[in-house]
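>>> Below are the sequence and a predicted model for it; my questions follow.
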Amino acid sequence: LHEVAAIAADFDPIDLARAVTRLPVRARFIVYDNLPDLESKRIFMIHTGRNTRYAIFKQLGDLEIQKVVDEMPADEAVEVL
């Protein structure tokens, strides 16, 4: 899992969003959690699938979810939620 965390910091969040579907659910959250900044997390969430978003949101608090969704365009926020 440490390698997964290192990968999250080195790759584009869009590429990661597409690739994580092959990882176990726990590893998907680790990738998300190790993204370098909030903007990367937003981009990741916009481009990942419903199952990954659900798995990640289950592990986040309401405030963290709000931070991620707040600055998204409205249509993207609706899709993510």
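Received, thanks. Numbering: from 1, shown residues only.
>>> low pLDDT regions in this protein?
Counting by pLDDT under 70, the chain shows low-confidence ranges at 1-2, 4-5.
>>> try 80
Applying pLDDT under 80 to the chain picks out residues 1-10.
>>> now whatever helix or strand Ile46 lives in, how far from the chain's geometric center?
Here Ile46 sits within helix 38-47, counting by DSSP states H and E. Distance of helix 38-47 from its chain centroid, counting by CA atoms, centre = their mean, to the nearest Å, is 6 Å.
>>> contacting residues around that helix?
13-14, 16-18, 31-32, 35, 53, 56, 67-69, 71-72, 76, 79-80 (CB atoms under 8 Å, 6 or more residues apart in numbering). Backbone N, C-alpha and C define where each C-beta goes, glycine included.
>>> let's go with 7 Å and repeat that
Helix 38-47 is contacted by residues 13-14, 16-18, 32, 35, 53, 67-68, 71-72, 76, 80 when judged by CB atoms under 7 Å, 6 or more residues apart in numbering.
>>> Tell me which stretches of the protein form helices.
Under the criterion DSSP state H, helices of the chain are mapped to 2-10, 13-19, 25-33, 38-47, 50-57, 62-70, 74-80.
>>> Buried residues in the third one, which are they?
What it means is helix 25-33. Neighbour counts over helix 25-33 (16 or more other CB atoms under 10 Å) mark 27-32 as buried.
>>> Ok, the second one next?
Of the residues in helix 13-19, those buried under the neighbour-count criterion (16+ other CB under 10 Å) are 13, 16-17.
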